[in-house]
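>>> Generate a structure from the sequence data that follows.
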Amino acid sequence: MTENSNDNAEKNEEIIDSLLNHLKDEAEEVINKSQEEKPAKKIKKIKKGGIIPADQVLPSRLPIIPIQGRPIFPGIFTPLMISNQEDIKAIEEAYKGDSHIGIVMLKKDNPQTSYKDLYSIGTAAKIIKKINLPDGGINVFISTIKRFKLKKALHAKAPIVAAIDYLDDEEDDTFEVKALTRALISEMKEVSENNPLFTEEMRLNMVNIDHPGKIADFIASILNVEKEDQQKVLEMVNVRQRMEQVLVYIKKEQELLKVQKKIQNDINERVEKNQRDYFLREELRSIQEELGTDADGNDSDYQKFKKKIEEFKFEGEIKESLESELDKFRILDTASPEYTVSRNFLELVTQLPWKDQAFESFNLDTAKKILNADHYGLDDVKKRILEFLAVRKLKKDNKGTIIILVGPPGVGKTSIGKSIAKAMNKPFYRFSVGGMNDEAEIKGHRRTYIGAMCGKVIQGLKITHTKSPVFLIDEVDKMTQSARGDPASALLEVLDPEQNVAFRDNYLDLPFDVSNVFFILTANTLDTIPEPLLDRAEIIQLSGYIDQEKIEIAKKYLLPKNLEKNGIAKGKVKYTKDALLRIAQEFAREAGMRHYEKCLDKIHRKIVTEMMEDADKKVIEAVKIAKEEKKSAEEIKAINSDKFFDSEKTYTIDAGDLEKYLGKPVFDESEIKRASVPGTAIGLAWTSMGGDTLMIESVSFPGKGELVLTGQLGDVMKESAAIAMNWAKKYILENKLKDVEWFEKNTIHLHIPEGATPKDGPSAGITMATTFISLLTGKTIKQNLAMTGELSLTGNVLPIGGLREKTVAAKRNKIKTILIPKANERDLEEIPSHVKSGIKFIPVTRVEDVIKNAF
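As a prediction, this is how the structure comes out:
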């Protein structure tokens, strides 16, 4: 198979232009040589103008060279590149003989070419010259002679050899043929003038051809039409039909050239316009730089930034850095990515409150009223906050003020921060660091790439427009470390009074004083907060709410807020005290108020649904009546639920109605923990969710004298259990209640229910010891009694933490007596009296005191 060079007009043009003279010389040399070899009589006959018939000169069988590109027409000199080895052999054989070959186009590309893949009409050609190529192929120059039709395959596979019949043109020397000839030449001239691929020599050849059929063949060979269309022309023997078909193709080419020219003109116009716009913009930019203004006559970005920076009157490092940045910004192209980075940086610098004077302008009485209005209870918290504010007002020095509010979810830590800002008459900015693992969120990203931005601290100062706002940093106990740094360590620099006077954000990379910011941190637990961070702050504990506090909070804050949220008018829904109390006891027993608020929201949604369903039923009835009365469509359309909404109807929610709206209680009396059998005791625990009661159970059974512990106990709690077991064993043996043999033959199993919840800490030590004593003596502890305290190996009761939270949990579970370490008596003063009311606290120093009061 071959590739036809006619596929690429440009390649043809180069080859023909470069070798045309060479081909003519070769043709003349062949003719002269043949004339010399012929007899004198024959030469004379040719010189006299006689023509030898083609059938007597051209062979009746030819080696066939398949081509893939386009068909080759008679009367043309053209090169052929042959790469197929079978075709190369056929060319070599023909070149050694009479040099005649047949050129036929393939119907479709096929690696295994055969006779059936060829079109039936091809062109006979004579090889003029053969050139071997370095890659193993050959390049031959051929002169095409005449059309032929495949008659029979003598060798059907490559190299293909076939018997052929030559086809003569069916000429019709009429006036119409002459007119068609002129039309072809005229139309083709127009095409060639508009197409740079047509050379001057092509145009001359077209004019010098005198035979109409050859003119049609030559034009068809150089037109940019599909190869199937060219093959169709090749197969036309009738000259007139051939010329008419070629004229149609010329017309199509002219239309294509018109569209192409239009597109080219449009593109040129756009390019010229873009170039003109570019030069005008550059000229305008130069003028603006000279005047220092933008297109509207306003100051340019450079002038604006320069003016603002000069107003700040910076000195030292800041001045030098900003002047250098301004100089760089001035020469940057606006289309450059660095321009955006530099502009964003200068914008940030000019928006920060560098020269803002921090001052305190608040009244303690007003602050107290705001705190009381926004929060119920929390008297000790409010007292400590007012003490902080009083010191700030007296000192007139804001530096180094950091508070950590610690408590379970839903107790109002974030809202207290908002109230402090409101009381101090300062802007409030909050951001959460829960789950944060990238220190760049605190200290910013380095200004080395597009999209870099400053940290949360600088963002907050930019937003609040003051150097002394109130910053609330939420969830500081939930920060994590990663490969991108430790946010907790980055936060240390922000909060440390010795360092934050010149805090350096990575993006800003300039010292900025953040010591006047009032930082408030919130957390659920102190266990995961780094010790250096705790050292820099004052810790204020917020315990959970008891039932009475929840009722008051619901009345004063949650109910009005939730009624408005659900679109219910004030006073339309009322709650009895028993209903509010039952919600706290049976549906929302957690330390905070979030689940309580969700319960109210659920009730109100169902009430709204009832009201709208009643109204919709009335609408349906009204529409039905209106249709029966044959009222107009407009009157029927005007009937809507608003007209039937009963605004006077009120709903009163009693304790018995709660199951209708909230379903079955989440907690009931059966879930209140009671130590009703030997081997059980109730302890008090502190968690990040608030205080909780802890039921501890133990049983004994024949075994190998082991202690089995279950309930997901941590290492500290396992050690406490071992200490409690050994002390109890010692106590039992000393009092001769059991002998050593009993302990060797029995296994004791201690379990703390809710096994899916991890538990740890030493404060359940005396509770475990009491559980073991109860089991070994067969006695049951007093009802409604709980205890908390760490146990030493010698039987001493050591102090614990979180007594207030544990007391709140005990009150929720109707505990009447609590055994506490003697060292924790001082903490009772910090527990509000309404929380302590109804509970008897018994301080103990030894386990013997615990046993004495527990049984």
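>>> what's near enough to touch Ile402?
By C-beta atoms under 8 Å, 6 or more residues apart in numbering, the residues touching Ile402 are 495, 519-521, 536-538. Backbone N, C-alpha and C define where each C-beta goes, glycine included.
>>> Just the buried subset of those, written out for ChimeraX, thanks.
Here is the ChimeraX command that selects the buried residues among those (16 or more other C-beta atoms under 10 Å):
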select :495,519,520,521,536,537
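>>> quick one: which of the contacts of Ile402 sit in strands?
Using DSSP state E, 519-521, 538 are the members of the contacts of Ile402 that sit in strands.
>>> Where does Ile64 fall, secondary structure wise?
strand 61-67 (DSSP states H and E).
>>> Buried residues in that strand, which are they?
62-67.
>>> So which residues of the stretch 301-450 of the chain form helices?
Using DSSP state H, counting those that start in this stretch, the helices found in the stretch 301-450 of the chain span residues 301-312, 316-331, 337-351, 364-374, 379-395, 413-424, 440-443.
>>> hey, C-alpha coordinates of the strand holding Ile64 in PDB?
Extracted C-alpha coordinates of strand 61-67, given in PDB (Å, rounded to 0.1, in the frame of the first residue of the first chain):
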ATOM      1  CA  ARG A  61      -1.600  -6.700 -17.900                       C
ATOM      2  CA  LEU A  62      -0.100  -4.500 -15.200                       C
ATOM      3  CA  PRO A  63       1.300  -4.800 -11.600                       C
ATOM      4  CA  ILE A  64      -1.200  -2.900  -9.500                       C
ATOM      5  CA  ILE A  65       0.000  -0.500  -6.800                       C
ATOM      6  CA  PRO A  66      -2.800   0.200  -4.300                       C
ATOM      7  CA  ILE A  67      -2.900   3.700  -2.800                       C
END
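>>> mean confidence score for it?
Strand 61-67 shows a mean pLDDT of 88.
>>> Does anything pack onto the following helix or strand past it? Which helices or strands?
As assigned by DSSP H and E, the chain's next helix or strand after strand 61-67 is strand 77-82. Helices and strands touching strand 77-82, by 3 or more C-beta pairs under 8 Å, 6 or more residues apart in numbering; DSSP states H and E, are strand 2-4, helix 9-37, strand 61-67, strand 138-155.
>>> weakest of the helices of the stretch 301-450 of the chain by average pLDDT?
Minimum mean pLDDT among those: helix 379-395, a mean of 82.
>>> tell me what that helix is packed against?
Using 3+ C-beta pairs under 8 Å, 6+ apart: helix 379-395 touches helix 364-374, strand 402-406, helix 413-424, strand 538-541.
>>> any idea of the angle the strand or helix carrying Lys273 forms with helix 301-312?
Lys273 is part of helix 239-291, with elements assigned from DSSP H and E. If you take axes from the mean of the first three to the mean of the last three C-alpha atoms, to 10 degrees, helix 239-291 sits at 20 degrees to helix 301-312.
>>> Where in this protein is the helix or strand with the lowest mean pLDDT?
helix 40-47 (a mean of 36; mean pLDDT, DSSP states H and E).
>>> Next, the residue nearest the centre of the chain: secondary structure please.
Nearest to the geometric centre of the chain sits Gly451, at 15.0 Å (C-alpha atoms, centre = their mean). The assignment at Gly451 comes out as coil when based on DSSP: H, G, I helix; E, B strand; the rest coil.
>>> Please compute how far stretch 650-661 lies from its chain's middle.
Chain-centre distance of stretch 650-661: 46 Å, with C-alpha atoms, centre = their mean, to the nearest Å.
>>> swap in stretch 350-370?
With C-alpha atoms, centre = their mean, you get 39 Å for stretch 350-370.
>>> likewise stretch 444-464?
Going by C-alpha atoms, centre = their mean, where stretch 444-464 is centred and where its chain is centred differ by 20 Å.
>>> Name the surrounding residues that touch that stretch.
Residues contacting stretch 444-464 (C-beta under 8 Å, 6+ apart): 337, 340-341, 345, 348, 351-353, 427-429, 431, 440-443, 467, 469, 471, 494, 503, 505-509, 512, 514, 517.
>>> List buried residues within the residues you listed.
The neighbour count (16+ other C-beta under 10 Å) marks 341, 345, 348, 352-353, 427-429, 431, 440-443, 467, 469, 471, 494, 503, 505-508, 512, 514, 517 as buried among the contacts of stretch 444-464.
>>> from memory Asp87 sits against Pro159, does it?
Yes - applying C-beta atoms under 8 Å as the test, Asp87 and Pro159 come out as touching, 6.5 Å apart.
>>> So between these two, which is more surrounded?
Asp87 (25 against 20; other C-beta atoms under 10 Å).
>>> Next, the contact list for Ser792, please.
Contacts of Ser792 by C-beta under 8 Å, 6+ apart are 723, 798.
>>> roughly how far apart are it and Lys822?
Between Ser792 and Lys822 the computed distance is 13 Å (C-beta to C-beta, to the nearest Å).
>>> Repeat that for Lys806.
Lys806 is 16 Å from Lys822, by C-beta to C-beta.
>>> if you count what's nearby, which of the two comes out ahead?
Neighbour totals were compared for Lys806 and Lys822, and Lys806 leads with 29 against 17 (other C-beta under 10 Å).
>>> And the more buried one, what's its pLDDT?
87.
>>> Quick check: closest non-adjacent residue to it.
Once flanking residues are discounted, Lys806 sits nearest to Leu684: 3.8 Å by C-beta to C-beta, 6 or more residues apart in numbering.
>>> Could you list the low-confidence segments of the stretch 1-150 of the chain?
Within the stretch 1-150 of the chain, the ranges that satisfy pLDDT under 70 run 1-56.
>>> what do you get if the cut-off is 80, keeping everything else the same?
1-57, 109-112 (pLDDT under 80).
>>> what's the answer for the stretch 451-600 of the chain, then?
In the stretch 451-600 of the chain (pLDDT under 80), the answer is 543-544, 546, 589.
>>> where exactly do the helices run in it?
With DSSP H, counting those that start in this stretch as the criterion, the stretch 451-600 of the chain has helices at 456-464, 487-495, 531-535, 547-553, 559-565, 577-582, 594-628.
>>> Return the set of buried residues in the shortest one.
If I follow you right, that is helix 531-535. The neighbour-count check on helix 531-535 (16+ other C-beta under 10 Å) flags 533-534 as buried.
>>> Residues contacting that helix, please?
Taking C-beta under 8 Å, 6+ apart as the rule, helix 531-535 contacts 404, 476, 488, 491-492, 495, 526.
>>> quick one: which of the helices of the stretch 451-600 of the chain is nearest Thr78?
helix 456-464 (74.4 Å; C-beta to C-beta).
>>> Show me which residues of the closest one are buried.
For helix 456-464, by 16+ other C-beta under 10 Å, it's 456-462, 464.
>>> got the angle between that helix and helix 487-495?
Relative orientation of helix 456-464 versus helix 487-495 (the same axes, to 10 degrees): 50 degrees.
>>> Tell me what angle helix 456-464 forms with helix 337-351.
Using the same axes, to 10 degrees: helix 456-464 against helix 337-351 is 70 degrees.
>>> Same list, the helices and strands packed on helix 379-395, but as TSV with distance to Arg846 please.
Output for the helices and strands packed on helix 379-395, formatted as TSV (distance: least, C-beta to C-beta, whole Å):
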stretch	distance to Arg846
helix 364-374	43
strand 402-406	32
helix 413-424	38
strand 538-541	29
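>>> Nearest to Glu315, out of the ones you listed?
Of these, nearest to Glu315 by C-beta to C-beta is strand 402-406, at 29.4 Å.
>>> Tell me where the model's unsure across the stretch 701-850 of the chain.
Short version for the stretch 701-850 of the chain, where the test is pLDDT under 80: 754-757, 812, 830, 832, 834.
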